[in-house]
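*Asks:* Predicted model, plus sequence, below.
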Amino acid sequence: MSEMPVSPNEEQPKKNNTGLIIGVVVVVLLCCCCVIGIGGWVYGDAILQSLG
């Protein structure tokens, strides 16, 4: 009985979430670009008329 109990935290290394974070940021930026592009397409004439 000389074995020491090992906690589960010591066996498993910490997961790297860098890829997940980068993926979420890219998806959010793409959504923003799509919204801006669609808004420009729909309201582009009104924006240009208001600018002169």
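*Replies:* Nice, I can see it.

*Asks:* show me where this structure has helices.
*Replies:* 8-11, 18-51 (DSSP state H).

*Asks:* Report the mean per-residue pLDDT for the longest one.
*Replies:* Looking at helix 18-51 alone, the average pLDDT works out to 94.

*Asks:* just how off-centre is that helix within its chain?
*Replies:* 14 Å (CA atoms, centre = their mean, to the nearest Å).

*Asks:* what comes up buried for it?
*Replies:* Neighbour-count burial for helix 18-51 flags no residue at all (criterion: 16 or more other CB atoms under 10 Å). No exception for glycine: its C-beta is placed from N, CA and C like everyone else's.

*Asks:* That one - contacts with which helices or strands?
*Replies:* Helices and strands in packing contact with helix 18-51 are not found; criterion 3 or more CB pairs under 8 Å, 6 or more residues apart in numbering; DSSP states H and E.

*Asks:* Show me the residue sitting in the middle of this protein in space.
*Replies:* V24 (1.7 Å; CA atoms, centre = their mean).
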